[in-house]
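Generate a structure from the sequence data that follows.
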Amino acid sequence: MPVPAATPAVINGVALLTRSGKPKSRFSEAERLQLLGATKRDLRDFIALFCPDRPLYAVTRRNSCDPRAWTTPRRRLNPAEVLRHLTADLTPGLNPMWVAPRCWEITRWVGLDVDYRGDREDFVRRCRQVLEALSLLGVHRRAILRSPTPSGGRHYRFFLNRKVRVRDVPQILALVGIVEAPGQIEIFPKQTNGMRLPFGLMPGRKYSARPWLRFIRAYRHKKFPLVEWFRLRRRAQKFAEDVFYGRAEPIVIATKPTPAKPKRDNLELRPSRQPIRLGIPKKIQAETIASTAEVARYLELLSTPVKEPSDVDELWNLGIRSPGTRISASKRIAWNLLVVHRLSTAEATARLVKWVYETGRTTSIDVGADLRRGTRKVEKETENLVGWMATHHPHQAPPDADKRCISKSEIDIIRDRLGNKTHDSALVCVALNFLRFAKLNGIATPDGWCVQVAVNGVIRRWPGCRGMGYKPLIDALKECGFVRMTREKKQSADGTGRPRTYLVCVPPDLRLGATLAVEEATAIALQRAEKNAPADMNALRIEKLSDTYKRSTPPTPTGELREHERVVQQDSRNVGISMALPFGQGRGRVFAGVVEKVCENAAAFGRRDRSLSRDEMGVVRPHRPPPLDANAFRLAERSRRLCRALCRKRHFWLRQGLRPPPPIRVAHERRHES
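Here you go, the predicted structure:
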């Protein structure tokens, strides 16, 4: 078939006709890029921005020129089809193609599809309000990519400075009034539906590849403005707060319901195989779910912890306002009914089921399905939720008196478990606090109390467990068999972690008749331990950590240290070596052979002059000792250093409350030199 004269034969050096004069139907990737005047980098950047990692997609049929003839291939998107979308009608032998890719869990752009349904005035109003809402979010008009659609609508896209989760986009846009309504406005990207790629062919208009080349190159060189996601989210929350307190007017974009499709005249009526059940009228389904301010306040209540009882009352009055939040709202209401109002499980279940079905009939998908089908699936789920919370929640009921206190039988069990370590007051106090916490917040089992204990929130608040001081105490309890870890902790960034789970090996039957507080139980346990205390208490002392955590032994009084200094000074005179006592300085370490070496050196060396004096610093020194040879001088210096080390060790023993070794008394022979 001959080609019309208006059709060029060559574009950018690419022949569009065969040798016989017919339009070509096959073009390579290099030829298509040359035809558009683009490079491979331009195509890669375009794909990486709008459809990365080959997602699922929809495409128009190859044998049709209708931009609405969509079909969904059973494969991933490939670059050749994106390139054909951008080529449009530049190849006369091929029909133009439109591509609408879906997305993955994250995205770098946000798109809005404003549909046109015949009412030009309403379409212009919705476009104007969309631009107004985007300006409230801090999206400048220069940062918006606008593209018309073949159906007469308009696409608005803006690009973010970071990757965000797709499911977070509709919630943030809903705070400024951009709520999805079929037939009026849609929010993209989605994982279920695709949005038509920009820069495609518009029927009735001449196509040019320059706009998408200018855009992608400006985006690559960071000349196209991006939107800061965290700033956008803060502005949306601020606007929702202003609307809630009456400082701003809400924006309502979708007001009119979607026009219904015309009914066909020759419609056959067929008998239904299933019984007819009454459901929700379509008129009620098409109404607006809730205003923007109520939805914003509802999402705020679900995203923050409950601080006051009025928050739960407000949540009860608002009802279920957003799809996908029924379980979160039901948990808060169930906790309030069980813990605050002290209702029974049956009464709390009845109230919660009634509240869910009344407030979630237009917002909850499962509730709507139950009402349409006549089933009670949501009722069973709510009943299971309340039953589980009443059984496992730590605040399900007021604690009993015997759970708050300790019994004498439990003290005996603790003493038996700890054995020789019962004299340690810190260890006994931690064991009693562990038992009390397990009885209040754990579950009774035949072997003991099973409980989850957090380090920062629970253990470090016990006496003697500040900082890292809890680790040797918990390890000692594990060695004694008082506690046993049954499940390791789990740390995660999404808030699904858990602390370690311990089993306190104290039979739950012994808690009956408990009347002692933790302080009283500690005093009784230590009083009984003193009667059977071993002679060498230092051998049973648990290794302490740094003195910062206030667990060290009190220092020895200054008088005893001064007396010890005098004794050591006298010892140094006896051995014939003048020395200075480093009072209060650092700790040293002396081995068993030090004392023998000091005695040998002192007996061999001796001294000539016994007259002593103190210098300006108060250090005892001899009056002008006689000159010594090199060997004698090295021997004297070595003996002096060893004596100083021994003195520092004696100071260390006294500061730790231990008994120092007896003073050194060395008998030596004086040497008379001629």
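
Confirm K238 sits in a helix?
Yes. Per DSSP: H, G, I helix; E, B strand; the rest coil, K238 lies within a helix segment.

Run a quick neighbour tally on it.
14 (other C-beta atoms under 10 Å). Every C-beta, even on glycine, is put in place using the N, C-alpha and C of the backbone.

And T91, by the same measure?
21.

For it, which residues are in contact?
T91 makes contacts with 16, 23-24, 27, 32, 35, as judged by C-beta atoms under 8 Å, 6 or more residues apart in numbering.

quick one: which of those is nearest F482?
The shortest gap between F482 and any of those belongs to R32, at 75.6 Å (C-beta to C-beta).

Out of the contacts of T91, flag the one nearest to L427.
Distances from L427 to the contacts of T91, taken by C-beta to C-beta, are shortest for R32, at 78.2 Å.

what secondary structure does that closest one sit in?
helix.

ditto for W449
W449 ends up strand, using three-state DSSP.

Show me the two of the contacts of T91 that sit farthest apart.
Most distant of the contacts of T91, by C-beta to C-beta, are P23 and R32, 14.7 Å apart.

Between those two, tell me which one has more neighbours.
Taking other C-beta under 10 Å, P23 and R32 do not tie; R32 has more neighbours (19 against 16).

OK, contacts around the more buried one?
83-84, 87, 91.

what about 6 Å?
Shown in contact with R32 (C-beta atoms under 6 Å, 6 or more residues apart in numbering): 83, 87.

next one: the one 10 residues further on
The contact partners of D42, taken as C-beta under 6 Å, 6+ apart, are I216.

So which of the contacts of T91 belong to helices?
32, 35 (DSSP state H).

Show me what the top strand by length along the chain is in contact with.
Looking across the chain with DSSP state E, the single longest strand is strand 154-165. Outside of strand 154-165, the residues within contact range by C-beta under 6 Å, 6+ apart are 106, 108-114, 139, 143-148, 226-229.

What of stretch 293-303?
174-175, 240, 243-244, 250, 311, 315, 318, 321, 325, 328.

Can you select the buried ones from those residues in ChimeraX?
A single ChimeraX command selects the buried members of the contacts of stretch 293-303 (16 or more other C-beta atoms under 10 Å):
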select :174,175,240,243,244,250,311,315,318,321,325
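
Spatially, which two of the contacts of stretch 293-303 are the most separated?
So, the contacts of stretch 293-303 by C-beta to C-beta: farthest apart are P250 and S328, at 23.9 Å.

Report pLDDT for the nearest residue to K40 once chain neighbours are set aside.
Distances taken as C-beta to C-beta, 6 or more residues apart in numbering put L33 closest to K40, at 6.6 Å, once the chain neighbours are dropped. We have a pLDDT of 90 for L33.

same check, this time on the one 5 residues further on
According to the predicted model, the pLDDT of A38 comes to 91.

now it: how far from G118?
38 Å (C-beta to C-beta, to the nearest Å).

the more surrounded of those two?
Per other C-beta under 10 Å, whichever of A38 and G118 has more neighbours is A38, with 19 against 8.

Name the nearest residue to that one, sequence neighbours excluded.
L213 is the one closest to A38 (C-beta to C-beta, 6+ apart), at 5.9 Å.

Provide the backbone phi and psi angles at L477.
Taking degrees, to the nearest 10, you get phi -70, psi -40 for the backbone angles of L477.

same deal with N336?
phi -70, psi -40.

show me what contacts it?
V312.

now it: how far from L440?
Taking C-beta to C-beta, one finds N336 at 21 Å from L440.

ok, now R205?
Following C-beta to C-beta, the distance that separates R205 from L440 is 74 Å.

what's the burial count for the nearest residue to P198 once chain neighbours are set aside?
Once flanking residues are discounted, P198 sits nearest to S147: 4.2 Å by C-beta to C-beta, 6+ apart. Using other C-beta under 10 Å, S147 has 18 neighbouring residues.

So in terms of bridging, what pairs with S147?
S147 has these beta-bridge partners by DSSP bridges: H155.

I'd like to know how far it sits from V82.
When S147 is compared with V82 (using C-beta to C-beta), they lie 15 Å apart.

do the same with R167
Distance from R167 to V82, by C-beta to C-beta: 25 Å.

Mind checking which of those two has more residues around it?
V82 (20 against 12).

per-residue pLDDT, the more buried one?
At V82, pLDDT is 93.

my read is T107 is in a helix, agree?
No. Using three-state DSSP, the assignment for T107 is strand, not a helix.

In contact with it, which residues are there?
Contacts of T107 (C-beta under 6 Å, 6+ apart): 166, 189.

Relative to R167, how far out is it?
10 Å.

V339 too?
31 Å.

Kindly report the same for E121.
34 Å.

Okay, now the unreliable bits of the stretch 501-650 of the chain?
528-636, 638-639, 646-650 (pLDDT under 70).

try 90 this time
507-650 (pLDDT under 90).

most centrally placed residue in this structure?
Centroid check for the chain by C-alpha atoms, centre = their mean gives A493 as the closest residue, at 2.8 Å.

That one: which element?
Assessed by DSSP states H and E, A493 sits outside every helix and strand.

I474: neighbour count?
Residues near I474, counting by other C-beta under 10 Å: 21.

gap between the nearest residue to W212 once chain neighbours are set aside and I524?
The shortest distance from W212 to any non-neighbouring residue, by C-beta to C-beta, 6+ apart, is to F199 (3.6 Å). Distance, F199 to I524, by C-beta to C-beta: 83 Å.

out of these two, which sits in the more crowded spot?
F199 (21 against 16).

Find the nearest non-adjacent residue to R484, please.
In space, R484 is closest to L503, 4.8 Å off (C-beta to C-beta, 6+ apart).

just E410 next, same as before
L510 (5.1 Å).

Enumerate every residue touching that neighbour.
Taking C-beta under 6 Å, 6+ apart as the test, what L510 contacts is 407, 409-410.

Look up how far P198 lies from V453.
56 Å.
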